[in-house]
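Enquirer: A structural model of the following input is requested.
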Amino acid sequence: MPAPAQIPVITRVSDRVWFAHSPLVNWTAVRTDAGIVLVDAGYADQTPHVLDTVAAAADGAEHPDLVAVLVTHAHTDHIGGLMELIRQHPTVEVLAADIEAAAVAGPEREQLTIETMGEHLQRPLFKAWLDEGIAAGGLRPTAVENVRPFTDDDLRRFGIAATPAAGHTHGSTVYEVLGDNVLLTGDAFITDHMSYPEPVIGAIDPIFTTDEAAAVTVAETMRRDLLILPGHGPSLPPERSSP
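Expert: Residues are numbered from 1 along each chain as shown. Here you go, the predicted model:
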């Protein structure tokens with residue numbers, strides 16, 4: 001029986017987009033003319049829920065096959081589910097920004113480790129988040145040999161645009177689902193985190209980040225005229241301009 005923190009609420013948020021929001025981490029499935037495209041894949045033990053999201057997007061779709069996973073960044077709460085996903089869908093392509101592809105392949109990643117958490121382990125909510133992440137497979141080795149950089153042709157086929165968002169990691173990427181006014185931000189912009197006592201909208205806690213200054217700049221300049229589906233926290237409706 002999965003822990004409640006692993007279980008997402010799956011919501012269709014636009015014509016082509018299904019958003020899976022769990023207390024631990026989020027991911028998204030997008031209908032495209034090429035098939036279903038996932039953006040991120042959760043922790044290792046969340047794969048059944050990731051596949052439920054794919055199934056929701058595929059139900060009634062003209063092209064229901066899972067064809068690709070686009071990665072926002074190579075942290076194991078966002079790519080941990082890829083190994084089982086690939087085992088069940090061996091033809092799926094794993095795509096990331098050129099600069100992030102090697103980190104997706106692993107084992108070297110720009111990621112917080114238990115050894116570098118230090119005094120943060122004394123924070124009860126931080127420790128609770130860590131325990132839930134470990135329970136979801138967060139320490140399990142993740143190696144994705146078949147990852148490759150996405151191309152302009154890939155993105156054109158999917159009807160998705162990619163924008164570099166270096167800061168959280170050097171290869172962090174934000175994806176826009178074109179025509180649906182939806183922005184998938186990964187951890188470049190979040191609306192909450194399980195380790196927070198209160199929601200904080202914007203850049204994630206710098207303990208998780210490679211370049212804090214760059215991450216803050218990215219978050220502060222994030223487009224707010226689109227529906228934001230973050231890597232952590234609930235969706236954020238677009239800001240409306242005053243008439």
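Enquirer: which stretches of this protein form helices?
Expert: 47-58, 76-79, 82-88, 101-105, 124-135, 152-158, 212-220 (DSSP state H).
Enquirer: Pull out the buried residues from the last one.
Expert: The reference is to helix 212-220. Glu212, Ala214, Ala215, Val218, Ala219 (16 or more other Cβ atoms under 10 Å). Quick note: C-beta positions are derived from backbone N, CA and C, even for glycine.
Enquirer: That helix - what's its average pLDDT?
Expert: In this model, helix 212-220 has an average pLDDT of 98.
Enquirer: next one: the first one
Expert: For helix 47-58, mean pLDDT rounds to 98.
Enquirer: packing partners for that helix?
Expert: strand 9-12, strand 17-21, strand 26-31, strand 36-39, helix 82-88 (3 or more Cβ pairs under 8 Å, 6 or more residues apart in numbering; DSSP states H and E).
Enquirer: between the ones you listed, which gets nearest to Ala203?
Expert: strand 26-31 (16.4 Å; Cβ to Cβ).
Enquirer: Could you list the buried residues of the closest one?
Expert: Buried residues in strand 26-31 (16+ other Cβ under 10 Å): Asn26, Trp27, Thr28, Ala29, Val30, Arg31.
Enquirer: Could you list the alpha-carbon positions for it in CSV?
Expert: Listed next in CSV are the C-alpha coordinates belonging to strand 26-31 (Å, rounded to 0.1, in the frame of the first residue of the first chain):
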residue,chain,number,x,y,z
ASN,A,26,4.3,16.4,-9.5
TRP,A,27,4.3,15.2,-13.2
THR,A,28,2.2,15.9,-16.3
ALA,A,29,0.9,14.0,-19.3
VAL,A,30,0.3,15.7,-22.6
ARG,A,31,-1.7,14.6,-25.6
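Enquirer: Packing partners of it?
Expert: Using 3+ Cβ pairs under 8 Å, 6+ apart, strand 26-31 sits against strand 17-21, strand 36-39, helix 47-58, strand 227-230.
Enquirer: Highest mean neighbour count out of those?
Expert: The highest average neighbour count among these, using mean count of other Cβ atoms under 10 Å, belongs to strand 36-39 at a mean of 28.
Enquirer: which outside residues touch it?
Expert: 27-30, 50, 53-54, 57-58, 61, 63-72, 85, 158, 160, 175, 184, 186 (Cβ atoms under 8 Å, 6 or more residues apart in numbering).
Enquirer: Could you pull up the mean pLDDT of that strand?
Expert: 98.
Enquirer: Tell me which of the helices and strands packed on helix 47-58 lies nearest to Phe150.
Expert: strand 36-39 (10.4 Å).
Enquirer: Work out the gap between that closest one and the centre of the chain.
Expert: 11 Å (Cα atoms, centre = their mean, to the nearest Å).
Enquirer: where's Gly186 relative to Val94, distance?
Expert: With distances taken as Cβ to Cβ, to the nearest Å, Gly186 is found 15 Å from Val94.
Enquirer: Quick check on those two: which one has the bigger neighbour count.
Expert: Gly186 (30 against 23; other Cβ atoms under 10 Å).
Enquirer: and that one, what are its bridge partners?
Expert: On the basis of DSSP bridges, Gly186 is bridged to Pro230.
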